[in-house]
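A.B. asks: What follows is a predicted structure for the sequence shown.
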Amino acid sequence: TIFIIQPERLDRIKQIKQLENKNLPRNLISTQVVEAGVDLDFDYIFKDLSPFDSIVQAAGRCNRRMLNELGTVTVAEIVDDESDNERSYASYVYDSISLNNTKEIFAYKNKFSENEVQQLLDKYYKALSVSKYQKGPWYDIKEGNWSNYKPLIEEHLYEDVVFVDVDGTVSNKLYEIESLEHSLENYERKKQLWKEIQDYSINVPHKELEEWETHYNEVFLEEDKKLVYKGNGVWLITQLGIGEIYSEEVGFIPYELKEDFYG
């Protein structure tokens, strides 16, 4: 889930790119969103443990322009100190088969150069294909152990669409969409309006939005609303909510963390 609207993500990438072009120092803390399809170059990358192919993708952002003799990518397994047995954060995101095979690659060779990557990738994929059939859901399916099946996601996380009105235009366009009658004549106009505001949308867990709504129902009048439910799983963060529910620096703020951000 990404809690920052598309224009702001693109603007940050643009700013980093400008620093890169001027060969100025730059630091980026990011999720996996920069692992592929983002044309950025860094001298050094520090990455939490993940499947080996994801690590290789992230490494593609290191010394991309070949401006230095060598770039350095360091991988570490960061653990959750508050969990039982200091569980790794990676295990909350990735399956154990991929992670275990990645660890085996690093146990086999914990330091290697770029020209060795393809060989290690082949080794990783081969080990992965064997593991998938020896354990895990594919093994159970093959052996007919249907009763052993466990869902990958224990609890379904319901998410709603949230539009963020950073400049006042999104509210007007949503209002126009709501005002237009359902007819063939208005279909193209509605389609165009949805397209124009799509980049200002994020997906947020429904329960997070309910917590904010409950808070505002207690302290705000209708005309002062910072969060508006539009129906059918669609919400609007108005301009009044910018800087409280949504920060232009960090994106959507979960209600339970608002004190950490704003005191």
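C.D. replies: Here it is on my side, so go on.
A.B. asks: element containing K17?
C.D. replies: helix 6-21 (DSSP states H and E).
A.B. asks: buried set for that helix?
C.D. replies: For helix 6-21, burial by neighbour count (16 or more other C-beta atoms under 10 Å) applies to 8-9, 13, 16, 20. All C-beta atoms are positioned from the backbone trio N, CA, C, and that covers glycine.
A.B. asks: That helix - contacts with which helices or strands?
C.D. replies: On a contact count with 3 or more C-beta pairs under 8 Å, 6 or more residues apart in numbering; DSSP states H and E, helix 6-21 meets no helix or strand.
A.B. asks: Dump the C-alpha coordinates for it into CSV.
C.D. replies: Extracted C-alpha coordinates of helix 6-21, given in CSV (Å, rounded to 0.1, in the frame of the first residue of the first chain):
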residue,chain,number,x,y,z
GLN,A,6,1.4,10.1,-7.4
PRO,A,7,2.3,13.8,-8.1
GLU,A,8,4.3,14.1,-4.8
ARG,A,9,6.2,10.8,-5.5
LEU,A,10,7.1,12.0,-9.0
ASP,A,11,8.2,15.4,-7.6
ARG,A,12,10.5,13.7,-5.0
ILE,A,13,12.0,11.6,-7.8
LYS,A,14,12.5,14.7,-9.9
GLN,A,15,14.3,16.5,-7.0
ILE,A,16,16.6,13.6,-6.4
LYS,A,17,17.3,13.4,-10.1
GLN,A,18,18.2,17.1,-10.2
LEU,A,19,20.7,16.5,-7.3
GLU,A,20,22.1,13.5,-9.2
ASN,A,21,22.6,15.5,-12.4
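A.B. asks: what does it rub up against?
C.D. replies: Applying C-beta atoms under 8 Å, 6 or more residues apart in numbering, the contact partners of helix 6-21 are 2, 25-26, 28, 33, 38-41, 166, 199-200, 248, 251.
A.B. asks: Looking at those residues, which two lie furthest apart in space?
C.D. replies: Greatest spacing in the contacts of helix 6-21, by C-beta to C-beta: P25 and Y200 (31.4 Å).
A.B. asks: Look at those two and report which has more neighbours.
C.D. replies: Taking other C-beta atoms under 10 Å, P25 and Y200 do not tie; Y200 has more neighbours (22 against 6).
A.B. asks: The more buried one and F163 touch, don't they?
C.D. replies: Yes - applying C-beta atoms under 8 Å as the test, Y200 and F163 come out as touching, 5.5 Å apart.
A.B. asks: Now the terminal residues of stretch 189-203, how far apart.
C.D. replies: 24 Å (C-alpha to C-alpha, to the nearest Å).
A.B. asks: neighbouring contacts of that stretch?
C.D. replies: For stretch 189-203, the external contacting residues (C-beta under 8 Å, 6+ apart) are 1-7, 159-166, 169-170, 173-174, 176-177, 180, 251-252.
A.B. asks: Out of these, which end up buried?
C.D. replies: Neighbour counting by 16+ other C-beta under 10 Å classes 3-5, 159-160, 162-166, 170, 173-174, 177, 251-252 among these as buried.
A.B. asks: Just the strands from this structure, written as ranges.
C.D. replies: All strands of the chain, identified by DSSP state E, fall at 44-48, 72-76, 159-164, 201-205, 227-231, 234-237, 246-247, 251-252.
A.B. asks: Would you convert these into JSON lines that also reports distance to Q119 and mean pLDDT?
C.D. replies: What follows is the strands of the chain, written out as JSON lines (distance: least, C-beta to C-beta, whole Å; pLDDT from 0 to 100):
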{"stretch": "strand 44-48", "distance to Q119": "20", "mean pLDDT": "95"}
{"stretch": "strand 72-76", "distance to Q119": "17", "mean pLDDT": "96"}
{"stretch": "strand 159-164", "distance to Q119": "40", "mean pLDDT": "94"}
{"stretch": "strand 201-205", "distance to Q119": "39", "mean pLDDT": "93"}
{"stretch": "strand 227-231", "distance to Q119": "53", "mean pLDDT": "91"}
{"stretch": "strand 234-237", "distance to Q119": "49", "mean pLDDT": "95"}
{"stretch": "strand 246-247", "distance to Q119": "45", "mean pLDDT": "92"}
{"stretch": "strand 251-252", "distance to Q119": "39", "mean pLDDT": "92"}
